[in-house]
Each structure stands twice: as C-alpha cells, then as structure tokens.
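J.: sequence isn't available, so here's the structure alone:
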C-alpha cells in the first residue's frame, strides 16, 4: 500500500478515535508546549517563563472576601514601594483633584524638556485591585524613568463603588487638570484596566466636549469587557499574568 494512503488512513483513524468536538460543544485541542523566546533579554525570559501567580484562580464569593483579597494584594505591593521610590528618586504625595483622591508623583530631577508637561495615570488591577497608594507603582516607574510629573488617580472601585464611579472620578480629575494646564502638554496612560480607562477617557472627553490629551499610552488595555476577543482564549494559561 502506498505510503501516502497509509498516512491518510492513519490520520483518519486518529480523528475517529479522538473526536474534534466534545459533547459540551467545545472544540478540544491537543496540549502544546510553548518555548520561551530567545529574542528577549534574560530578565524578560525569566518573567515570561515564570509560573502563574498564586492568586490566578482565586474567586471571592462575596464582598467581604473581595475586600480581603484586595487588602492582601495591596499590602504586598505597598511593601515594595519605599525601596522603589528611593531607588528612582521619586516622591509621592496625596492630593485631592476635582474632588477626587489622587497622588502627585514627582521625580527629584524633572527633565528640562518635561517641566511644562504632565502625565495623568490610571492604574490597573482588574477594575477592583490596588486602591490608594498601592496603585502608584506604574506612576513611580514612569516618573523615575521618564523624569516627569505624574498624577495617579485613586479612583473608586467595587465592591463599594461599582461602575461608573471609576470613570466619573477619572473624568473629574481630567476636567480639573485641563483647566490649569495646556492640553497639548498632557497625556493619559495606564496598563490593563488603566489602558482600558485611558481609551474610555478619551472617548468620554470627546463626547463631553472636553479638551483631548496630546498623547495616550494604553498598555495592554483591558478594553474588551465582553470576553469575545480571540486573545482571551489563545492566551489562556499561556499569559502568566
């Protein structure tokens, strides 16, 4: 029997033995191994190759369990911030802007070209995590490495303050900031939740007739709240964040 025909018969037998569709209507694919890329730095390889975070599969059952998880995650980040601020030469001071809690994040040495520039930061955290100063880590990094001033918004979050509280707070800060600063010298940035809110803030500012920022930096934005995008599924159990 020709080899081609043997190969076809073997493939057909394998397909019959392992049906492509399960009874629950979901197509089950074979397991695969994904190598850590060798095109990035050793430090990034270590990050990519690390296991899933211990909290990846925690599912709080009520508001009290949510608050306990939020407090635990916030405490872990807060413990790292003094050293980070010292290492990057950054100070963080609480503020109230437009009636909303925020933090002024300022490097010891603002670059000459950035003295009239200001960044507005919306932190990540799945729309529920990293309240208060625990949400300033990314702003500290940006202020330290970018050598520019940053406002980090401490927007309200569930379970105590569901949508649209977070967006209302973010927009209240933006309204206040554009009154006292040239919008051409302003930018909005954030990662994950903060990236999604960055995009939403621009759309809402446009809808409300407010000045738009000169630039935005939505980092890996969580902008698909319906979980229909393919990357939700192609990256499942692959993205260790």
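T.: Everything's here; your move. Predicted, not measured: the structure shown is a model, and the values here were computed from it.
J.: show me the contacts for the residue nearest the centre of the chain.
T.: In the chain, the C-alpha nearest the mean C-alpha coordinate belongs to residue 192, at 2.0 Å (CA atoms, centre = their mean). Shown in contact with residue 192 (CB atoms under 8 Å, 6 or more residues apart in numbering): 124-126, 219-222. All C-beta atoms are positioned from the backbone trio N, CA, C, and that covers glycine.
J.: roughly how far does the closest residue in space to it that isn't next to it in sequence sit from residue 176?
T.: Nearest residue to residue 192, sequence neighbours excluded (CB to CB, 6 or more residues apart in numbering): residue 124, at 3.5 Å. According to CB to CB, to the nearest Å, residue 124 stands 22 Å off from residue 176.
J.: which one of these two has more residues nearby?
T.: Of the pair residue 124 and residue 176, residue 124 is the one with more neighbours under other CB atoms under 10 Å, namely 23 against 17.
J.: give me the element the residue nearest to residue 192 is part of.
T.: Using DSSP states H and E, residue 124 sits within no helix or strand.
J.: wouldn't it be in contact with residue 197 here?
T.: No: counting by CB atoms under 8 Å, residue 197 is not a contact partner of residue 124; they are 9.0 Å apart.
J.: between these two, which contacts overlap?
T.: residue 190.
J.: which SSE is immediately downstream of the helix or strand of the chain at the bottom of the mean pLDDT ranking?
T.: Ranking every helix and strand in the chain by mean pLDDT, DSSP states H and E puts helix 3-17 at the bottom, with a mean of 56. Following helix 3-17 in sequence order, the next helix or strand is helix 42-49 (DSSP H and E).
J.: and that next one, which residues are buried?
T.: Buried residues in helix 42-49, counting neighbours by 16 or more other CB atoms under 10 Å, are absent.
J.: and residue 46, how far from residue 124?
T.: Taking CB to CB, one finds residue 46 at 21 Å from residue 124.
J.: ramachandran coordinates for residue 145?
T.: Note on residue 145: its backbone torsions stand at phi -80, psi -30 [degrees, to the nearest 10].
J.: show me the contacts for it.
T.: By CB under 8 Å, 6+ apart, the residues touching residue 145 are residue 88.
J.: residue boundaries of the helices in the chain?
T.: Using DSSP state H, the helices of the chain run over 3-17, 42-49, 63-78, 81-88, 137-146, 165-180, 193-207, 231-234.
J.: mind putting those into a markdown table with distance to residue 131?
T.: Shown next, in a markdown table, are these (distance: least, CB to CB, whole Å):
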| stretch | distance to residue 131 |
| --- | --- |
| helix 3-17 | 52 |
| helix 42-49 | 25 |
| helix 63-78 | 6 |
| helix 81-88 | 14 |
| helix 137-146 | 13 |
| helix 165-180 | 11 |
| helix 193-207 | 12 |
| helix 231-234 | 26 |
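J.: between those, which one is closest to residue 105.
T.: Residue 105 sits nearest to helix 137-146 of all the helices of the chain, at 4.4 Å, using CB to CB.
J.: quick one, that closest one and helix 63-78 angle?
T.: 20 degrees (axes from the mean of the first three to the mean of the last three CA atoms, to 10 degrees).
J.: so for helix 137-146, what gets flagged as buried?
T.: For helix 137-146, a neighbour-count test (16+ other CB under 10 Å) marks 137-140, 142-144, 146 as buried.
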